[in-house]
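1. dropping the sequence and predicted coords here.
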Amino acid sequence: MIPSQFEFRAPTTVDEAVELLSNGMDVKVLAGGQSLLPVLKLRMADPEMVVSLTKVDALRGVRRDGDQLVIGAMTTHAEVATDPLIAAHAGLVGKVAGTIADPQVRNRGTIGGAVVHADPAGDMGGALLASDAQMTIAGPTGTRTVPAAEFFVDFFTTAVDEDELLTEIRLPVFDGWGADYQKFTRVAQQWSIVAAGAMVRTSGDQIAEARVVLTNMDSVPRRATAVEQALAGVPVTEEAVASACAAAAEGTNPTSDLNGDAEYRRHLATVLTRRAVLAAAGHRGT
Amino acid sequence: MTIMEERQAEIGRPRPRKEDARLITGRSRYTDNITLPGMLHLAMVRSPLARARITGIDTSAAASAPGVVQVLTGADLAAEQGSMPNAWPITPEQKTPPHPAVAVDTVNFAGEIVAVVIARSAAAARDASELIDVDYEDLPVVTDLATAARDEEVIHPDLGTNRSATWVFDSAQAGTGGDVEEALANSEVVIERTFTQQRLIPAFMEPRSTVVDPTGEQITMWSATQIPHVLRVMLALTLGVPESKLRVIAPDVGGGFGGKLQVTPEEVITLLAARRVGKPCKYTETRSETMMGAHHGRDQLQTLRLGANRDGTVTGLDVRLLADMGAYLGLITSGIPILGAFMYNGIYKFSAYRFECTNVFTNKVWTDAYRGAGRPEATFAIERMMDELATELGMDPIEVRRKNWIAHEEFPFTTVASLEYDSGNYEAATDKALELFDYEGLRAEQRRRRESGDPVQLGIGVSTFTEMCGLAPSRVLGALDYGAGGWEYAQVRVLPTGNVEVVTGVSPHGQGHVTAWSQIVADRLGVPFENVEVLYGDTQVAQRGMDTYGSRSLAVGGMAVVAATDKVVEKAKQVAAHMLEAATEDIEFSGGQFSVRGTDQGVSFNDVALATFAAHDLPDGFEPSLDSDATFDPENFSFPHGTHLAAMEVDTETGQVRVHKYVCVDDVGHVINPLIVDGQVHGGLAQGIAQALFEEAIYDESGTLLTGSFTEYLVPSAPDLPEFTVDRTYTPATTNVLGVKGVGEAGTIASTPAIVNGILDAIRHLGVEDVPMPCSPSRVWNAIQQARTSGQQAPEPEVAP
Amino acid sequence: MASRTQTISLTVDGVRYTDDVEPRLLLVQYLREVLGKTGTVVGCDTTNCGACTVLVDGRGIKSCTMLAVEADGHEVTTIEGLSANGELHPLQRAFNTCHALQCGFCTPGMIMQSASLLADNPDPSEEEVRHGLEGNLCRCTGYQNIVAAVRQAAAETAGHASSPASGSEATQ
Amino acid sequence: MELTHHFEVPASKETTWQTFNDLEQVVPCFPGATLTEVDGDEFTGQVKVKIGPISLTYQGTGRFVERDEAAGKIVLEASGKDRRGNGNAGATVTAVLTETADGTAVDVNTDLDIGGKPAQFGRGMIQSISNKMLQRFLDCIRSKMTDEQPTGTP
């Protein structure tokens, strides 16, 4: 319950923060702290320095920049979940933000912190993947941009190096798309056992285009491209969508744990994908 | 002489609780809130290994760390720490391993304490605890109950076996019924089933905390305990501290559920540490420590054989248990399964019954009381078996129960397990529950979903239960070799102004005793509810007591209050008679007024109180005090009962289970405060449902607790539970004048089988015969898959009655 | 190593405090150990139980999962600062009258999170209350009376809100 | 938990055998491992494991428990404890070398035992993470045998 001693810095600019990361010490970046602090309290880590981004005002908030939405890395899940711009143009991201952990955690936890933490059961990664997000990373030599598809590398590992910071997330606007996130848990505050996210653009009674992502089906969030292709042009009916989603788990590599084995997760992925796609397509379920 | 006023009876009123005032404003007095001048803090070093020999402990770095006062190991304390007490040796031959507070040579579960740091701050203690270097030599670990019972590896070599004791009840021997083998042999149907009562973690919300102040000659301990009185005597016996030098205080205690019915190594250690350094010491555990170091509950393997005739009449029941003790025997570890021995027959009339339990050691933290303690296990098993029988015979589960239960006109009834049930009306509770539930409507809905092949199937779970409460008649405890009696103590003190102080020997930790006792005393003395103060939880204030567990507080502790109050009235009548110049026999007392029979002459309780205090003019030889105390020993247990009905939705695509509707009608006798009784039922239901659906303490094969935090050990939060429909019938207990039975455990005991029966009822037509608890989505889904793949062998879909 | 402590200034329950604290000190430890505000309690070490919930700038957060140094410059409200002028907050009253607490340990967190919830959603449905409290564990009540209490307080506050004099009590 | 790996190297069994027996080469191949002392068949060292925010440092010892050149079998045992007392870890690595047409086939069986807090943090990931770490370890050894740089992909 009591973390080890560490030095604490709370820079006010990104440049200062980045500079602190290459000071030769074992540094941990503190965003919302909702994953880091439990680890520190359990003493599963003892960094020499903690660099808090809480005072870097530039990293907060959601804005529109041309045909993109820009979400500052320090924007909280609660802000993302209730932001009107996001609700209008990036529905899946907003919906997913509202399912993360619990209200108190959403009030402190940040989108940047969550995705850099890169827990395979973390919910936001998939939504960013489905949204073709571009991740802006600041480092000692300036900033670079990495697409979400290349951002998630492995369990708890992203493209952000130890001397770098994720500063913002850029999303192309998705107007006229329906979105749904089917998060499967045993109790409300649990991490996703499996979750499926879908963004669907319909044309008449058909699915024109779909984007489908899976959470906790691998070491990183996975896009179900085969399902997406199969869904194109499919009528919005239970049977047609189910058949297109049947292969949702193909190519995934889920773990087995206390909440279910890999086979169960594959099955869940299929069911949840179908439900998410139908809901995103505005299908009134049975 | 005042005029009598009509006053509303307090008993039965939904009074909001008095004790809430400080709890809702943050003025609470939990042990960890206590700070004493010069107080030092403890941190524990716990073994990460489940079984190992300690080959060396290097404490030098920790001892010289900043702020550290002293470091203690098992070797340092070996001479004084004694062995943690087991107060319930169930047989004379019971094997009880030594249980040091701090491990000396070996550790036997992951989480066992191996060293203690005493420092000036909690942070310094925690920092230094990391510097202690313990060398272990691994020993083979046994975590599986059935494996341990085979003695392939003996955990405590000196005992020669992992089997602690075997305890048997046989109705043929007891003269309460026939021979079970004979009964089963003559039965038309015999059903055999094995159930696993998974290991549970009590998960009280307040982590345990202890503060010890070794001032001068007296040692004062504050502890987050359910049992300050038992703790005091046990500490005295374990450590050789004179009992009179020990004062134990249970201040506000944040829940217990049996989990704080324990004498803990942490309490012993804090006391020894404080005595060594001569300064107040505090130890507050982290939740991670609670999960691995505080006792768990349940953990039994149950094998039952139930015989019946085709008309549904049960002929006999044979129960064989393996009960997991964990690594050691705690305060009443060994007796927990025995508390269930008397309840396997439930509310039914069986003609033959045999129970055999073997207690077994494993390399896990020890088990002990957890809400219901033995009785939920028994109730689960018999209520599951009754549903199995109904399925086997194609009968409605309610009908099978009706066929076998004790009819209300048959009370008092001596059961095959030798208990005398004083009262009950199972018909009334069941009828009311069926009506509130809309049983027929839900059966119709169930049929509709089955016929349409709805992916979300509906099932109805029935649980009719009783439990033995009001622990306990001392002579019964004696017969069971329990180390103490089951009486309770109370004192009623009358202040000069007519205000009343009630001292109770029970030790509330959320049950609302202050409010309920105030209601009882207000009615019996005719004083305002607000004028009653209830004192408890401090061995210097409540000098005697047996504390709070086993739904005993009201049926036993409340009765002690009644007895003490009655004595006050008897004394006060003498004073009133003297004041009214009448004979004591002619004094009547009602509504706070003493009056002379047949006259309008009277004095109030307050007048008598003041006159007694002044003592200017009292009857000759009358001791100038109305204060009275009483010790009440119940003549029998009390037997609350009820009918619980759960409509369960099972999503056959995912295995996800949802409580669609939950109705319970409990009969807990007379109700002092319906608000509190409903609250007890709600909370009990939540815990029972959690066993059915969510909770399980899981160890891996090397003895690491995998569910070591609330991230993995799934305690439900608000969205995970339904709105309950709670109602009651009233059949007063006949063994106490309040007519009360106890309600603390009812919800927990009844709900678990209702939920599981409901799940099975929803998917039995798919060929599923059982789902082990907790019925997680993956287990439910797997059960459906297995039934589908072995579809040919699946029984014909049972037509829902 | 630089200085072991840092100076923070913050407002807690309406009072301005300036203290030197170790960076590792959690906000809940600051409240309990430095300010003596033991009304906020600690129930777990993994950010699950919510017993330590307080409001920071009006929003519920788990004070075991925030460093005291991060609260620098912010406004914190604890259970001890919820009632004003000796009058209980509607939530406090409702928790009492609905019997929404037993052992009381989860109660400070429950009440504070309920305040945060009502600030966002003054008239929540039963389901919204349940989800709004999903980060708070209670082992005693089965939540039924807690949900009832929050809805009762909401109704009462709504009644007040229609009168011109009252503001939003929940957000402080 | 049991983990199995198989790889082939275009090197003779003898070369492969020698590499496998050289602790100075083998141990540092393990991600995060440093060798502090080698004394005959025994060694001491530490492994720093970083998984996201979690950082554990296991300090411990290891030794060859079996070296049967004729059978091409090596059994290496190592155990350590986290320096903050979070738990212990032990591994028994059994490698069997078989000559093939193109070089040597190596079958590695690892019996891994992780206890204490890290095991609780699992959610099933421990096995996957351990598997990946071992794969990196073996890739590194293979690269030493073939004088290639580790490819980074299994």
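-> Alright, I've got the coordinates. Numbers count the residues shown, from 1 in each chain, chains lettered A, B, ... in the order given.
2. domains in chain A, by residue range?
-> When chain A is parsed with automatic domain parsing, its domains come out as A:7-52, A:61-172, A:178-280.
3. now for these, which one comes closest to B:Glu696?
-> domain A:178-280 (8.3 Å; Cβ to Cβ). The C-beta positions use only the backbone N, C-alpha and C, and glycine is treated the same way.
4. that closest one close to chain D?
-> Yes: Domain A:178-280 reaches chain D (Cβ under 8 Å from any Cβ of the partner chain) through A:191, A:219, A:255-259.
5. returning to what we had before: any chance of the domains of chain A in JSON lines with distance to chain C as columns?
-> Compiled in JSON lines, the domains of chain A are given as follows (distance: least, Cβ to the nearest Cβ, whole Å):
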{"stretch": "domain A:7-52", "distance to chain C": "3"}
{"stretch": "domain A:61-172", "distance to chain C": "3"}
{"stretch": "domain A:178-280", "distance to chain C": "4"}
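6. those: which one's closest to B:Ala125?
-> Between those, domain A:7-52 lies closest to B:Ala125; by Cβ to Cβ that is 13.2 Å.
7. is chain D contacted by the closest one?
-> Yes: on the criterion Cβ under 8 Å from any Cβ, domain A:7-52 is in touch with chain D at A:26, A:28, A:35-36, A:39-40, A:42-47.
8. now, those that are in strands?
-> A:Lys28 (DSSP state E).
9. that older thread, and the furthest pair within the residues of domain A:178-280 next to chain D?
-> So, the residues of domain A:178-280 next to chain D by Cβ to Cβ: farthest apart are A:Ser219 and A:Leu258, at 18.2 Å.
10. what about these two, which has more around it?
-> Neighbour count, other Cβ atoms under 10 Å in any protein chain shown: between A:Ser219 and A:Leu258, A:Ser219 has more, with 21 against 18.
11. torsion angles phi and psi at that one?
-> Note on A:Ser219: its backbone torsions stand at phi -70, psi -20 [degrees, to the nearest 10].
12. tell me the pLDDT of residue 39.
-> All of this refers to chain A. pLDDT recorded at A:Val39 is 94.
13. my bad, chain B
-> 98.
14. ok, the residues of domain A:178-280 next to chain D vs chain D, which is closest?
-> For the residues of domain A:178-280 next to chain D, the closest approach to chain D (Cβ to the nearest Cβ) belongs to A:Asp257, at 2.8 Å.
15. so what's the residue count around B:Glu585?
-> 8.
16. so it: helix, strand or coil?
-> helix (DSSP: H, G, I helix; E, B strand; the rest coil).
17. ok, it to B:Asp431 distance?
-> 47 Å (Cβ to Cβ, to the nearest Å).
18. isn't A:Arg64 right up against A:Ile86?
-> No: using Cβ atoms under 8 Å, A:Arg64 is not in contact with A:Ile86; the gap is 10.2 Å.
19. in helices only, show me the residues of domain A:7-52 next to chain D.
-> Using DSSP state H to define helices, the subset of the residues of domain A:7-52 next to chain D located there is A:36, A:39-40.
20. sorry, back to before: more neighbours, A:Arg64 and A:Ile86?
-> A:Ile86 (22 against 12).
21. show me what the host helix or strand of that one is packed against.
-> Here A:Ile86 sits within helix A:84-89, counting by DSSP states H and E. Applying 3 or more Cβ pairs under 8 Å, 6 or more residues apart in numbering or on different chains; DSSP states H and E, one finds that helix A:84-89 contacts strand A:62-65, strand A:68-72, helix A:91-97.
22. what are the buried residues along the next helix or strand after the longest one?
-> I take that to be helix A:91-97. Later in the chain than helix A:91-97, the nearest helix or strand by DSSP H and E is helix A:103-108. Residues of helix A:103-108 classed as buried: A:103-108 (neighbour count, 16 or more other Cβ atoms under 10 Å in any protein chain shown).
23. equivalent analysis for stretch B:717-734, please.
-> B:717-724, B:726-729, B:731-733.
24. how far does that stretch stretch from start to finish?
-> 39 Å (Cα to Cα, to the nearest Å).
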